[in-house]
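> Sharing a model that was predicted from the sequence below.
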Amino acid sequence: MLSRLSSSLVRSFKVRSSRYILRFRFLSTQQSSDKDINDTLYSDIKTFLAQRYPTNPFDENVVVDKSINISPWTMQSYHNFYQKYHKEWDNSTAVLLEIAGGPCIYPHISAAPYVAEIYHTDYVKACCDEVLLWKSKNPNAYDWSLYFKQVVEKLEGQTSPDAVTKREDWLRSILNVGLCDVKADVVVPAIKKAPVDIVSSSFCLEVCQESLEEYVYLIKKLYDLTVPKGFFISQTTLEVSWYKVGQIKHPNPCPVSLEDVKWAYRKAGYNILYSDFWDRPMELRNVGSDSVGFSFIVAQKP
């Protein structure tokens, strides 16, 4: 789900960590513009978002393609994680790093009350630009309001009329956006401190590696970006050899099973605290991809 990286950047600086020098590059809201959304894989960001994240994914009477509508399960999974584990870190200083988050901000909705900063990164500049459109309240940004309503009103039970708006504004105030390269020795180019309290990744790492060994090496790099007792949370598309973005079919050279994923996390050094599996019905396993299902895993660094 990755393509080529644009080198257009605003400012760069260096921060020294205990292991290496991270060269960070940071994107500002002034860079978000529709004309930059021209990557070959995400040639139409809005089509991709509409395909994967339907207008109303929480209404069974509206959703047409249930084969890829895992939004209710996904939002519940993130909500459960933060409700259960947020006391494990200092909410006033904690940093969340999203690796290869694409054009999607939904993983951060449940996180916002429990972290001080969120760094959303992706390999594709067009995806970063889409997130920046949302951050700057650009009317062309994708509308995530129903996802906010699902979390704030349905899952958290908040009843204040302005609760959703407050969460949107809160997230915008702590959200930073930048570029990453999961194949580089230094993965993270948009964060002020490393290692971090929470590393997160959604539906990416499993389709950008060419071997299981390379996959393990990547997870180890993320392990090094996690503080001791810090968390790694991930969503993974399982046993997928091809997937579609729009009508374009993309091969995946290294499909991973749930056991492969767990093995890679343990090999990198993480302890797995929890895993869940969303099973795709057999009759739907050729719609959008040939994936057998999806996993949500919570892991912790010793």
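Looks like it came in fine.
> next SSE after the host helix or strand of Asn80?
Following DSSP states H and E, one finds Asn80 within helix 71-85. Downstream of helix 71-85, the next assigned helix or strand under DSSP H and E is strand 95-99.
> how about the helices in the stretch 151-300 of the chain?
Counting by DSSP state H, counting those that start in this stretch, the stretch 151-300 of the chain has helices at residues 163-174, 212-224, 258-268.
> Tell me which of those helices sits nearest to Phe203.
Among those, the nearest to Phe203 by CB to CB is helix 258-268 (12.3 Å). C-beta here means a position set from N, CA and C on the backbone, and glycine is covered the same way.
> Now tell me what touches the closest one from outside.
The contact list for helix 258-268 (CB atoms under 8 Å, 6 or more residues apart in numbering) reads 206, 212, 215-216, 219-220, 222-223, 232, 234, 236, 238, 256, 272, 275, 277, 295, 297, 299.
> Ser289 contacts Thr237, doesn't it?
Yes - Ser289 lies in contact with Thr237 (CB atoms under 8 Å); the separation is 6.8 Å.
> overlap in contacts of those two?
Joint contacts of Ser289 and Thr237 (CB under 8 Å, 6+ apart) are Tyr243.
> More neighbours: which of those two?
Ranked by neighbour count (other CB atoms under 10 Å), Ser289 and Thr237 place Thr237 first, with 25 against 22.
> Let me see the ranges of the strands in the protein.
11-16, 21-26, 95-99, 117-122, 175-179, 196-202, 226-238, 242-245, 248-251, 271-279, 293-300 (DSSP state E).
> any chance of the ones you listed in CSV, with mean pLDDT and distance to Gln150 too?
Converted to CSV, those look like this (pLDDT from 0 to 100; distance: least, CB to CB, whole Å):
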stretch, mean pLDDT, distance to Gln150
strand 11-16, 27, 36
strand 21-26, 34, 30
strand 95-99, 96, 19
strand 117-122, 94, 19
strand 175-179, 93, 19
strand 196-202, 96, 16
strand 226-238, 97, 16
strand 242-245, 82, 24
strand 248-251, 84, 29
strand 271-279, 95, 17
strand 293-300, 96, 16
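> Of the ones you listed, which is nearest Phe148?
Closest to Phe148 of those is strand 175-179 (CB to CB; 13.4 Å).
> Could you list the low-pLDDT ranges of the chain?
In the predicted model of the chain, residues 1-43, 54-55, 60-68, 189-193 satisfy pLDDT under 70.
> my read: Phe277 touches Phe294, true?
Yes - Phe277 is in contact with Phe294 according to CB under 8 Å; the separation is 7.4 Å.
> Mutual contacts of these two, please.
Common neighbours of Phe277 and Phe294 (CB under 8 Å, 6+ apart) are Leu238.
> Comparing the two, which residue is more hemmed in?
Looking at Phe277 and Phe294 with other CB under 10 Å, you find the greater number of neighbours at Phe294, namely 23 against 14.
> I figured the more buried one was touching Thr237, is that so?
Yes - using CB under 8 Å, Phe294 is in contact with Thr237, at 5.8 Å.
> now the residue positioned nearest the centre of the chain, nearest residue through space, not along the chain?
By CA atoms, centre = their mean, the chain has its centre lying nearest to Gly101, at 3.3 Å. Nearest in space to Gly101, with sequence neighbours left out and distances taken as CB to CB, 6 or more residues apart in numbering, is His120 at 4.9 Å.
> is that neighbour in a bridge, and if so with what?
For His120, the beta-bridge partners are Glu98, Val177 (DSSP bridges).
> Now do the same contact list for it.
Counting by CB under 8 Å, 6+ apart, His120 touches 98, 101, 105, 108, 128, 131, 175-178.
> JSON lines please, covering these and showing distance to Lys267.
Formatted as JSON lines, the contacts of His120 follow (distance: CB to CB, whole Å):
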{"residue": "Glu98", "distance to Lys267": "23"}
{"residue": "Gly101", "distance to Lys267": "24"}
{"residue": "Ile105", "distance to Lys267": "31"}
{"residue": "His108", "distance to Lys267": "28"}
{"residue": "Cys128", "distance to Lys267": "30"}
{"residue": "Val131", "distance to Lys267": "31"}
{"residue": "Leu175", "distance to Lys267": "32"}
{"residue": "Asn176", "distance to Lys267": "30"}
{"residue": "Val177", "distance to Lys267": "31"}
{"residue": "Gly178", "distance to Lys267": "28"}
